[in-house]
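**Student:** Starting from these lines, generate the structure:
(chains A and B)
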2 protein chains.
Amino acid sequence: MFLFTEFHNKSVGLTIKPKNVYSIFTKYQKLTFLETEDFGKVLVLDDLVQLTERDEFIYHEMISHVAINTFPRKIEKVLIIGGGDGGTAREVLKYNFIKEVHLVEIDKEVIEIAKKHMPFTAKAFEDKRLKVFIEDGRNFVRNTQNKYDVVLVDCSDPIGPSKVLFEKEFYQDCFKILKEDGIFVTQSESPFYSLDIIKDIIKNLKISFPIVKLYTANIPTYPAGYWSFTLASKVYDPLKVDMEKLKDNIKGKNLKYYNEEIHFSSFALPSYVKERLKEVLS
Amino acid sequence: MFLFTEFHNKSVGLTIKPKNVYSIFTKYQKLTFLETEDFGKVLVLDDLVQLTERDEFIYHEMISHVAINTFPRKIEKVLIIGGGDGGTAREVLKYNFIKEVHLVEIDKEVIEIAKKHMPFTAKAFEDKRLKVFIEDGRNFVRNTQNKYDVVLVDCSDPIGPSKVLFEKEFYQDCFKILKEDGIFVTQSESPFYSLDIIKDIIKNLKISFPIVKLYTANIPTYPAGYWSFTLASKVYDPLKVDMEKLKDNIKGKNLKYYNEEIHFSSFALPSYVKERLKEVLS
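**Tutor:** Numbering: from 1, shown residues only, chains lettered A, B, ... in the order given. This next block holds a predicted model:
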């Protein structure tokens, strides 16, 4: 029997029992694709679980809808760094008022695997509003002349190809390519395991952005089943949104996790998280 | 290398790598005690993880403090069904106004193991306000003449010895032994895996109690890292509590998860949970 285990530290990890396994080495990383009985298809990069068919909706809804619904106005242009499976783009494209989504993925083979095996996320690539750039996200942000309403960093852990996407120079460049009321969101690891990384992310974002807030979601196949995102905003506070307007905005979007109550409650942090982040959150 | 894996379905589970393992068969169950590097001591009953030294605070705080802080008045008498490790009693006993806690544990060997190996939860047994009954919780509730402010059901999964603690007759007896403004809380499994069980719990509690609400917490070593509790109340609504008063009430109690924001946000449910529970939650 083949078992895949991702240890989150020396003692505890997630184990997946696949029906089928398929691995390749791309130019950038080891890409493994598992098929399972209850979690459907599973994408694993460098031995770290990136998504499963059953729970990917949680991550993809939470990285997208919080930022979009923080705007009191309709937005037009979104940049996604990473996100080669298409799931984040799928969520962003649910809003008809969004006219253009740019997706910058360094590893074209992630997109190819998604198109071949993961129609539940990859259908986003059929949308004409989505433009794909196979390019290093760090360079794209440094060089683009575009201005975006939202930048979403949908990347892997801060080791390997994604490391530069957690540095303050990258955040400063993201600030520059955002419109004057733009919003930035990055996935920011597990609050149970990675509070030092989260502390650095918040500290580095605060150099440029006046409003920086951490929010969380329950993602069963990520470490601790508990994941975080950091939102940095030039003007709008995600906690000062009108709840009824938000509810109206997401009506008919077929969301399975995010809703008007989750929008607000996801910013409530357990005391052990608040305590360790008190210097940077105050 | 010895590895313990608790599969939560056919595909995905939690794996623990222990430094030491020790198992006994008690009259009621298989009791395993693991020692790990990062999660400290781990108690496993019938091959299901019950608690780890590192994250037990989340479960024990969340099963206790939500109910206690829902009362606008100070309470005196609490009943715990199960909870042989002592963690729930430890949290309840943090309130000086609580005069008496009754703990009814069916398996005396759980208490003995806790006293021997888990001082982080078992110190509650030194408190003179705690009275222990080695007895079947179902019978205790049927026969007691006591009246309680709060009943907390800190039990294992609804298989084996805990099965009767999820039936409507048990809930009706709990209703009877509660004071006229009493509150009941039971652990109620993972919203990601067990929505059918949760639906039955809510439905059965609604037969007796006018207010029944589900709330959740992130517990890394429980299935999906996402756990629920069901609160049933005769009079007070947990969402109508004064936030400032609550904050004051928990000051100095050394809580690591629960706080005034978590009290309210823990009742916000993802859409996939709301959808499946809409008949019973409305």
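
**Student:** count of neighbours near residue A:27?
**Tutor:** 9 (other CB atoms under 10 Å in any protein chain shown). (C-beta placed from N, C-alpha, C; glycine too.)

**Student:** Might you report the residue contacts of it?
**Tutor:** A:107, A:109 (CB atoms under 8 Å, 6 or more residues apart in numbering or on different chains).

**Student:** Can you tell me which residue of chain A sits closest to chain B?
**Tutor:** residue A:225 (1.6 Å; CB to the nearest CB).

**Student:** does residue A:75 really touch residue A:99, like I thought?
**Tutor:** No: Residue A:75 lies out of contact with residue A:99 (CB atoms under 8 Å); the separation is 9.1 Å.

**Student:** Tell me which of the two has more neighbours.
**Tutor:** Between residue A:75 and residue A:99, counting by other CB under 10 Å, residue A:75 is the more crowded of the two (21 against 12).

**Student:** so who does the residue of chain A closest to chain B touch?
**Tutor:** Contacts of residue A:225 by CB under 8 Å, 6+ apart are A:218, A:219, B:218, B:220, B:224, B:225, B:226.

**Student:** Nearest spatial neighbour of it, chain-adjacent residues omitted?
**Tutor:** Excluding its sequence neighbours, the residue lying closest to residue A:225 (CB to CB, 6 or more residues apart in numbering or on different chains) is residue B:225, at 1.6 Å.

**Student:** Look up phi and psi at the residue lying closest to residue A:53 once chain neighbours are set aside.
**Tutor:** Using CB to CB, 6+ apart and skipping residues adjacent in sequence, the residue nearest residue A:53 is residue A:40, 2.8 Å away. Residue A:40 adopts backbone torsions of phi 60, psi -140, taken as degrees, to the nearest 10.

**Student:** Same check on the one 4 residues further on?
**Tutor:** The main-chain torsion angles of residue A:44 are listed as degrees, to the nearest 10 and equal phi -130, psi 120.

**Student:** Which residues of the stretch 1-150 of chain A lie near chain B?
**Tutor:** A:3, A:5, A:7, A:9-18, A:36-39, A:52, A:55, A:57-58 (CB under 8 Å from any CB of the partner chain).

**Student:** Are any of these buried, and if so which?
**Tutor:** Burial by neighbour count, 16 or more other CB atoms under 10 Å in any protein chain shown: within those this picks out A:5, A:7, A:11-18, A:36, A:39, A:52, A:55, A:57-58.

**Student:** quick one: contacts for the residue nearest to residue A:53?
**Tutor:** A:52, A:53, A:54, A:120.

**Student:** Need the pLDDT of it.
**Tutor:** Residue A:40 carries a pLDDT score of 97 in this model.

**Student:** where do the helices sit along chain A?
**Tutor:** Per DSSP state H, chain A has helices spanning A:56-68, A:87-92, A:108-117, A:119-122, A:137-143, A:168-177, A:195-206, A:243-249, A:260-265, A:271-276, A:278-281. These are given in chain order.

**Student:** so residue A:101 makes contact with residue A:94?
**Tutor:** No: counting by CB under 8 Å, residue A:101 stays clear of residue A:94, with 11.1 Å between them.

**Student:** More neighbours: these two, which one.
**Tutor:** More neighbours surround residue A:101 than the other of residue A:101 and residue A:94, with 25 against 17 (other CB under 10 Å).

**Student:** quick one: contacts for the more buried one?
**Tutor:** Contacts of residue A:101 (CB under 8 Å, 6+ apart): A:77, A:78, A:79, A:80, A:89, A:92, A:93, A:127, A:129, A:130, A:131.

**Student:** And the furthest pair within these?
**Tutor:** A:79 and A:127 (15.4 Å; CB to CB).

**Student:** neighbour count winner among the two?
**Tutor:** Each of residue A:79 and residue A:127 has its neighbours counted (other CB under 10 Å); residue A:79 has more, 28 against 14.

**Student:** Format the CA atom coordinates belonging to stretch A:249-267 as CSV.
**Tutor:** C-alpha atoms of stretch A:249-267 as CSV (Å, rounded to 0.1, in the frame of the first residue of the first chain):
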residue,chain,number,x,y,z
ASN,A,249,-22.9,41.2,-4.0
ILE,A,250,-22.3,37.5,-3.6
LYS,A,251,-25.8,36.3,-4.2
GLY,A,252,-26.0,33.6,-6.9
LYS,A,253,-22.2,33.1,-7.0
ASN,A,254,-22.4,29.5,-5.7
LEU,A,255,-20.0,30.1,-2.8
LYS,A,256,-19.6,27.1,-0.5
TYR,A,257,-17.5,28.7,2.2
TYR,A,258,-17.4,32.5,2.1
ASN,A,259,-20.5,34.4,3.2
GLU,A,260,-21.2,37.7,4.9
GLU,A,261,-20.7,36.3,8.5
ILE,A,262,-17.5,34.5,7.5
HIS,A,263,-16.1,37.8,6.0
PHE,A,264,-16.1,39.4,9.4
SER,A,265,-15.5,36.4,11.7
SER,A,266,-12.4,35.3,9.7
PHE,A,267,-10.6,38.3,11.1
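
**Student:** Okay, buried residues for that stretch please.
**Tutor:** For stretch A:249-267, by 16+ other CB under 10 Å, it's A:249-250, A:255, A:257-267.

**Student:** Any stretches of chain A with poor pLDDT?
**Tutor:** Within chain A, not a single segment meets pLDDT under 70.

**Student:** again, only using 80
**Tutor:** For chain A, the stretches flagged by pLDDT under 80 are A:1, A:159-161, A:282.

**Student:** Now do the domain split for it, please.
**Tutor:** For chain A, automatic domain parsing gives the domain ranges A:4-52, A:56-281.

**Student:** Looks like residue A:179 contacts residue A:148 (just checking).
**Tutor:** Yes: counting by CB under 8 Å, residue A:179 does reach residue A:148; the two are 6.8 Å apart.

**Student:** With neighbour numbers in mind, choose between those two.
**Tutor:** residue A:148 (24 against 15).

**Student:** do you know how far the closest residue in space to residue A:18 that isn't next to it in sequence is from residue B:130?
**Tutor:** Excluding the flanking residues, the one nearest residue A:18 by CB to CB, 6+ apart is residue A:34, at 3.9 Å. For residue A:34, the distance to residue B:130 (CB to CB, to the nearest Å) stands at 48 Å.

**Student:** one step back: pull the most distant pair out of the buried ones among the residues of the stretch 1-150 of chain A next to chain B.
**Tutor:** A:11 and A:57 (29.4 Å).

**Student:** which residues touch residue A:143?
**Tutor:** Taking CB under 8 Å, 6+ apart as the definition, residue A:143 has no contacts.

**Student:** Now do the contacts for residue A:265.
**Tutor:** B:264, B:265, B:266, B:267, B:268.

**Student:** So residue A:79 is in contact with residue A:146, correct?
**Tutor:** Yes: applying CB under 8 Å, one finds residue A:79 in contact with residue A:146, separated by 7.4 Å.

**Student:** what's the overlap in contacts for these two?
**Tutor:** By CB under 8 Å, 6+ apart, the residues touching both residue A:79 and residue A:146 are A:102, A:177.

**Student:** Quick check: beta-bridge partners of the most centrally placed residue in chain A?
**Tutor:** Centroid-nearest residue in chain A: residue A:154, 3.6 Å away (criterion: CA atoms, centre = their mean). Beta-bridge partners for residue A:154, by DSSP bridges, are residue A:82.
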